[in-house]
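Asker: sequence first, predicted model second:
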Amino acid sequence: MAHEVVELRVGTAGPTIAVRDHVGGAPAILALHGLASNAHWWDLVAERLAPRHRVIAADLRGHGRSDKPDTGYDFPTVVDDVAQVMQQLDPAPAVVVGHSWGASVALAYGAAIPSTLGVVCVDGGATDLKAYFGPTWEMAEQMMKPPSLTGLTKETIGEWMQSSPLSEGSDSETAAEIMLGNFEDDGSGAGTLRPRLALANHMQIARYLFELDGYELMARVTCPLLFIPAGHPDHEDTPKVRAMDHARAVMGERARVVWVDGIHDIPVQRPDEVAAAIAAFVSDLS
């Protein structure tokens, strides 16, 4: 079903936040993308949830078309940005959905906003990166640094998407448009692109994510939680399976887990399955 999408720029006490507002009904769903991503990451899921639900997909600070300050990438500040957006656009209690880093932001939002109806973590949130990278930031920093992307063009990204699993949820042209939201013209006049998220800001976020104990954070969330990990639970004793077991141990009956077989970026690769899991979860909240 076709739905209306409104592009907004919403002022906060800090940065102006760009929003893709997929018009629909209540409860609203606040959708948060991952690190170095953008609000278009939710386009395919949103078109399956709206107009039944209003989906407010935000470019988090430093990302997409939002303002890009040099500081303020800690979880409380990022949460405050989007809480101010929701206070202006749809102050009623909402469901918050996040992918990857955005899943951790969603957990922090749920912990900070007691009226939150539910939190959905899509392939993220259940994290303790020190268990992966070692106990110190000095050990993790180089592994968490993004690759240097130079000389990229729209044509290059279009070619990537022709063979990318991301195209499985739509087509290569649509996937390329979603991916292009991560980049901007680099100002060289050569038609080449650079990431919208500056490297220094990327690494600030990476460090806050490294320092985060996702299980301690989710224990402070009082509403129901849905985890949608990418992969397959039959793969026994993998880190992701253990993470879901840990999340269930922390959250008990308030945690639901729905596996979606795919790569990390399942909001783009598997929008039908992700949207169906979110819709069922939201329906059960009422």
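Answerer: The structure has been received and is ready for your questions. The model shown is predicted, which means the values in this text are computed figures rather than measured ones. Numbering: from 1, shown residues only.

Asker: average model confidence for stretch 34-51?
Answerer: Across stretch 34-51, pLDDT averages out at 98.

Asker: ugh, typo on my part, it should be stretch 155-168
Answerer: Mean pLDDT, stretch 155-168: 96.

Asker: over to stretch 261-272?
Answerer: So the average pLDDT for stretch 261-272 ends up being 97.

Asker: what comes up buried for it?
Answerer: Across stretch 261-272, burial judged by 16 or more other C-beta atoms under 10 Å covers Gly262, His264, Asp265, Ile266, Pro267, Val268, Gln269, Arg270, Pro271. From N, CA and C alone the C-beta is placed, and that goes for glycine too.

Asker: farthest pair in those residues?
Answerer: His264 and Pro271 (14.3 Å; C-beta to C-beta).

Asker: and for the helix or strand of the chain with the lowest mean pLDDT, what's in contact with it?
Answerer: The helix or strand of the chain with the poorest confidence is helix 130-133; it has a mean of 86 (mean pLDDT, DSSP states H and E). Helix 130-133 has contacts (C-beta atoms under 8 Å, 6 or more residues apart in numbering) with Met139, Ala140, Met143, Met144, Phe210, Pro239.

Asker: what about it, distance to the chain center?
Answerer: Chain-centre distance of helix 130-133: 21 Å, with C-alpha atoms, centre = their mean, to the nearest Å.

Asker: and for stretch 272-286?
Answerer: With C-alpha atoms, centre = their mean, you get 17 Å for stretch 272-286.

Asker: contacts for it, please.
Answerer: Against stretch 272-286 from outside (C-beta under 8 Å, 6+ apart): 27, 29, 44-45, 48-49, 52-53, 95, 97, 117-118, 120, 122, 169, 224, 226, 228, 256, 258, 260, 262, 266-267.

Asker: next, the buried residues of that stretch.
Answerer: Glu273, Val274, Ala275, Ala276, Ala277, Ile278, Ala279, Phe281, Val282.

Asker: with just CA atoms, put it into PDB.
Answerer: The C-alpha coordinates for stretch 272-286 follow below in PDB (Å, rounded to 0.1, in the frame of the first residue of the first chain):
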ATOM      1  CA  ASP A 272       9.300  -8.400   4.700                       C
ATOM      2  CA  GLU A 273      10.600 -10.500   7.700                       C
ATOM      3  CA  VAL A 274      11.800  -7.600   9.700                       C
ATOM      4  CA  ALA A 275       8.500  -5.600   9.200                       C
ATOM      5  CA  ALA A 276       6.400  -8.700  10.000                       C
ATOM      6  CA  ALA A 277       8.300  -9.300  13.300                       C
ATOM      7  CA  ILE A 278       7.900  -5.600  14.300                       C
ATOM      8  CA  ALA A 279       4.200  -5.500  13.400                       C
ATOM      9  CA  ALA A 280       3.500  -8.600  15.400                       C
ATOM     10  CA  PHE A 281       5.400  -7.300  18.400                       C
ATOM     11  CA  VAL A 282       3.600  -3.900  18.300                       C
ATOM     12  CA  SER A 283       0.200  -5.600  17.900                       C
ATOM     13  CA  ASP A 284       0.900  -7.600  21.000                       C
ATOM     14  CA  LEU A 285       1.700  -4.500  23.000                       C
ATOM     15  CA  SER A 286      -1.900  -3.200  22.700                       C
END
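
Asker: no further queries at this time; thank you.
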